[in-house]
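S.K.: heads up, no residue letters with this:
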């Protein structure tokens, strides 16, 4: 190997080492700084928007609070879980009878708090028998009640699908739903059972 060629290879090796151990780490550091600056810029833009639209944001928050309060005021109030369950079960039994349905099973399966609000709920499972039109009237009556009862599951089963396919045939149905209520003012929200 000639000395000129050796010097050229050493210079090339030195340049490659400089690129690998000096330039590339510097470049990666610059990219990280750019990303960090972009994050800070985005936060600053959001902060500016919050300041600029502060009044509209506050007005929207007040409006939302009023709407939520109006919905919550539609929910029934009760002293405790037991009295709520008793009154709600009596109402549901009366609605079943008014619809011409026969109650087979009624169970309260769960009780709890609704996170983020001073609301309680109790989940019930109801099984009944009747014709499909009566079931539809009963279920639509539950739906019309609004936010007080939320149906989670509804199953309609013909007793004998081959024999009972005629209109007005008796079918069994099962409903799982949550019934919500507000504890009376001043009461603490109770733990679930």
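M.R.: Arrived safely. Quick caveat, the model's predicted, so the values are computed rather than measured.

S.K.: Tell me the secondary structure at residue 179.
M.R.: Secondary structure state of residue 179, per DSSP: H, G, I helix; E, B strand; the rest coil, is strand.

S.K.: Same check on residue 109?
M.R.: Put simply, residue 109 is strand when judged by three-state DSSP.

S.K.: where does the chain have low pLDDT?
M.R.: For the chain, the stretches flagged by pLDDT under 70 are 1, 146-147, 160-168, 185-193.

S.K.: Tell me which stretches of it form helices.
M.R.: Counting by DSSP state H, the chain has helices at residues 3-18, 24-52, 54-74, 81-98, 132-144.

S.K.: Just send those back as CSV, with mean neighbour count and distance to residue 176 too.
M.R.: Quick note: C-beta positions are derived from backbone N, CA and C, even for glycine. Shown next, in CSV, are the helices of the chain (neighbours: other CB atoms under 10 Å; distance: least, CB to CB, whole Å):
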stretch, mean neighbour count, distance to residue 176
helix 3-18, 10, 70
helix 24-52, 10, 42
helix 54-74, 10, 22
helix 81-98, 15, 13
helix 132-144, 15, 12
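
S.K.: between these, which one is nearest to residue 124?
M.R.: Nearest of those to residue 124, taken as CB to CB: helix 81-98 at 7.6 Å.

S.K.: tell me which strands and helices the closest one is in contact with?
M.R.: Here helix 81-98 touches strand 102-114, strand 119-131, helix 132-144, strand 170-183, going by 3 or more CB pairs under 8 Å, 6 or more residues apart in numbering; DSSP states H and E.

S.K.: how about a markdown table for those, with distance to residue 64 added?
M.R.: As requested, these are exported to a markdown table (distance: least, CB to CB, whole Å):
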| stretch | distance to residue 64 |
| --- | --- |
| strand 102-114 | 17 |
| strand 119-131 | 17 |
| helix 132-144 | 24 |
| strand 170-183 | 19 |
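
S.K.: Indicate which one of these is closest to residue 151.
M.R.: Residue 151 lies closest, by CB to CB, to one member of those: strand 170-183, at 4.6 Å.

S.K.: What helices and strands are in contact with the closest one?
M.R.: strand 77-78, helix 81-98, strand 102-114, strand 119-131, helix 132-144, strand 149-158.

S.K.: rewinding a little: for residue 118, find the nearest of the helices of the chain.
M.R.: For residue 118, the closest of the helices of the chain is helix 54-74, at 8.5 Å, according to CB to CB.
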